[in-house]
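Undergrad: Here is a sequence with its predicted model. Questions after.
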Amino acid sequence: MVSTSSRISLARMGIFLLAGLALFVPSPARAGTPEPISGQDVNGQAVAVNGKGHFTVVMYTNPDLEDESRQITLALDPYRGRSNFSFVRVVDLRGDVPASMRSMVRGQIRKEQVKEADRLKKAGVSYVSDLSPIIPDFSGSTLDALGWEDTYENIHLVVYDTHGREIKRLESVDPKQATKVVDSIL
């Protein structure tokens, strides 16, 4: 027969053993491991917005910011051929485009991408489309995941390190600020 004090000791040992085992059970998201943020590019392909293996600059833009986003894009051209750099543009189209018109918007963005690729090629930049996707966000799901829940009047940036962790967030960005940030990480 086991005494009461022995049962308590055994119970305590069981608790310690369970606590010890819990340390070795892999958790779904380890501390410091970022949650993946994804979207769909103009071709419907999945994009890892905070992908791993390269530094990533994610730009918030919308149709009213076309000129400003073009200036930021031009300023970042010298970095775009680098294999350790990714430039993702998320276009805020929440509520602006009826479902019947979305394919036309995607088509227009594709035409702009072809012009951009030609421009980069002429400038001697080795353009890799996978490292420079444009995400037309009609639903706001990618924008919300990035913390951009409002419609903004200025360009915003989020910068991720090579492990997909956010390292910098900027609001109301101009081209000089954008290049300064990229220079600081590369």
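TA: The structure has been received and is ready for your questions. Numbering: from 1, shown residues only.
Undergrad: So Arg106 is in contact with Val42, correct?
TA: Yes - when contacts are counted by C-beta atoms under 8 Å, Arg106 is listed as touching Val42 (4.6 Å). No exception for glycine: its C-beta is placed from N, CA and C like everyone else's.
Undergrad: what touches both of these two?
TA: Common neighbours of Arg106 and Val42 are listed as Pro136 (criterion: C-beta atoms under 8 Å, 6 or more residues apart in numbering).
Undergrad: Point out where the chain drops to low pLDDT.
TA: Within the chain, the ranges that satisfy pLDDT under 70 run 1-32, 127-129.
Undergrad: Tell me if I'm right that Phe138 and Val97 touch.
TA: Yes - the pair Phe138 and Val97 passes the contact test of C-beta under 8 Å, sitting 6.0 Å apart.
Undergrad: And those two? Which one has more around it.
TA: Comparing Phe138 with Val97 by other C-beta atoms under 10 Å, the one with more neighbours is Phe138, at 21 against 16.
Undergrad: Just give the nearest non-adjacent residue to that one, would you?
TA: Sequence neighbours aside, Leu93 is the residue nearest to Phe138 in space, at 5.0 Å (criterion: C-beta to C-beta, 6 or more residues apart in numbering).
Undergrad: before we move on, what about Gln71?
TA: What sits nearest to Gln71 in space, not counting adjacent residues and going by C-beta to C-beta, 6+ apart, is Pro175, at 4.9 Å.
Undergrad: how far away is the one you found from Arg106?
TA: Pro175 sits 27 Å away from Arg106, going by C-beta to C-beta, to the nearest Å.
Undergrad: sec struct for Thr56, please.
TA: What DSSP: H, G, I helix; E, B strand; the rest coil gives for Thr56 is strand.
Undergrad: Run through the neighbouring helices and strands of whichever strand or helix holds Met104.
TA: Assigned by DSSP states H and E, Met104 falls within helix 102-122. Under the contact criterion of 3 or more C-beta pairs under 8 Å, 6 or more residues apart in numbering; DSSP states H and E, the helices and strands touching helix 102-122 comprise strand 134-137.
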